[in-house]
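Student: Compute the structure for the input listed below.
(one chain, ligands or ions: 1)
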Amino acid sequence: MAKQDDRIDKAPGATHSVNIPPDKHVKVLDGQGWVGLVQVMGDETTMVNAARVSFGKFTTRMTERDEVLLKYLIDERHTSPFEHVVFTFIVHCPLFVRSQWHRHRTWSYNEISRRYTEVELAFYEPRHIRGQSDNNRQASVDVLAGATQADATRMIAQANRASREAYEALLQMGVCREQARGVLSQNLMTTFWATVDLGNLLHFLSLRDHAGAQWEIRQYAQALKTLVQPLLPTVAKINGW
Ligand SMILES: Cc1cc2nc3c(=O)[nH]c(=O)nc-3n(C[C@H](O)[C@H](O)[C@H](O)COP(=O)(O)OP(=O)(O)OC[C@H]3O[C@@H](n4cnc5c(N)ncnc54)[C@H](O)[C@@H]3O)c2cc1C
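Tutor: Sure, this is the predicted structure:
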């Protein structure tokens, strides 16, 4: 993929599509979605310094002793020093993943609005369809045979197409965007900014990169780990990423 910088006009006042991922991004859902890193404040020394401020001490480079301190903070859930490290991500995902993500109230969000925009509609088309679990009402299982796979894939693509056609027809009739969007399906892709401190990011990852979480949001949680790991290698190692 071309670098974002090659595709954006940097002239003063120029804007570009929010659906172009930043250079630092990880693709998910077979390339239909992605999560990118917009900005980060702080690093591992930030946490060490926040923890040691009570002793009036400050450091600029991590040592082995500092790594032991980080492990102690994580093991003892002494998480307030983690709140000084803050990430902003940009997420391109289906609406149903967005709904699950936005249940995490300790994040700050801003999202593309279908009251303002009617362009760049894209719909998630799962490449692999799962069956319903018999013993867990919110779980899925890998049981669908080839013919059912193909039929279900075709039906989902048709439903996405019908959703787009109804939306565009309503707009053509002069219906306002804020009502027309009601016919857009849960597979519609959306884009949002999400800012979170490290303590709450680790909490999110423990819930969403977990066997109990839906496969789709789990892919995003794993992508977050891929983005964060090079910035926080000790934290990643302690958490077993
Ligand atoms: C596998 C799975 C299935 C789920 N299924 C459903 C479902 O069927 N229906 C549904 O509605 N939700 C569901 N959820 C969402 C879940 O109930 C939580 O809303 C979501 O996981 C966010 O967790 P959280 O509140 O700990 O995180 P955050 O909102 O980020 O909060 C982090 C922590 O801050 C504290 N906190 C935040 N807000 C408050 C508050 N108002 N009062 C007190 N403490 C607060 C809590 O300690 C909380 O753990 C599901 C989540 C998972 C992971």
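Student: Contact residues of the chain facing the ligand?
Tutor: 103-106, 200, 203, 207, 212-213 (C-beta under 6 Å from any ligand atom). Any C-beta I mention is one placed from the backbone N, CA and C, and that applies to glycine too.
Student: got the contact list for E67?
Tutor: Going by C-beta atoms under 8 Å, 6 or more residues apart in numbering, E67 touches T234.
Student: so it sits in a strand?
Tutor: No: with DSSP: H, G, I helix; E, B strand; the rest coil as the criterion, E67 is assigned helix and is not in a strand.
Student: quick one: buried residues of the longest helix seen in the chain?
Tutor: Assignment by DSSP state H gives helix 146-172 as the longest helix of the chain. Going by neighbour count (16 or more other C-beta atoms under 10 Å), the buried part of helix 146-172 is 152-153, 156, 160, 163-164, 167, 170.
Student: What helices and strands are in contact with it?
Tutor: helix 177-180 (3 or more C-beta pairs under 8 Å, 6 or more residues apart in numbering; DSSP states H and E).
Student: Following the helix it packs on in sequence, what is the next regular element?
Tutor: Beyond helix 177-180 on the C-terminal side, the first helix or strand identified by DSSP states H and E is strand 189-197.
Student: mind listing what's buried in that following strand?
Tutor: Buried residues in strand 189-197 (16+ other C-beta under 10 Å): 189-194, 196-197.
Student: Using PDB, write out every CA atom in that strand.
Tutor: Taking Å, rounded to 0.1, in the frame of the first residue of the first chain, the C-alpha atoms of strand 189-197 are listed here in PDB:
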ATOM      1  CA  MET A 189     -17.800   0.400   8.000                       C
ATOM      2  CA  THR A 190     -17.300   3.400  10.200                       C
ATOM      3  CA  THR A 191     -14.200   5.300  11.300                       C
ATOM      4  CA  PHE A 192     -13.500   6.800  14.700                       C
ATOM      5  CA  TRP A 193     -10.700   8.300  16.800                       C
ATOM      6  CA  ALA A 194     -10.200   6.700  20.200                       C
ATOM      7  CA  THR A 195      -8.000   8.000  22.900                       C
ATOM      8  CA  VAL A 196      -7.100   6.000  26.000                       C
ATOM      9  CA  ASP A 197      -4.500   5.800  28.700                       C
END
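Student: picking that back up, nearest to V35, of the buried residues of strand 189-197?
Tutor: A194 (8.8 Å; C-beta to C-beta).
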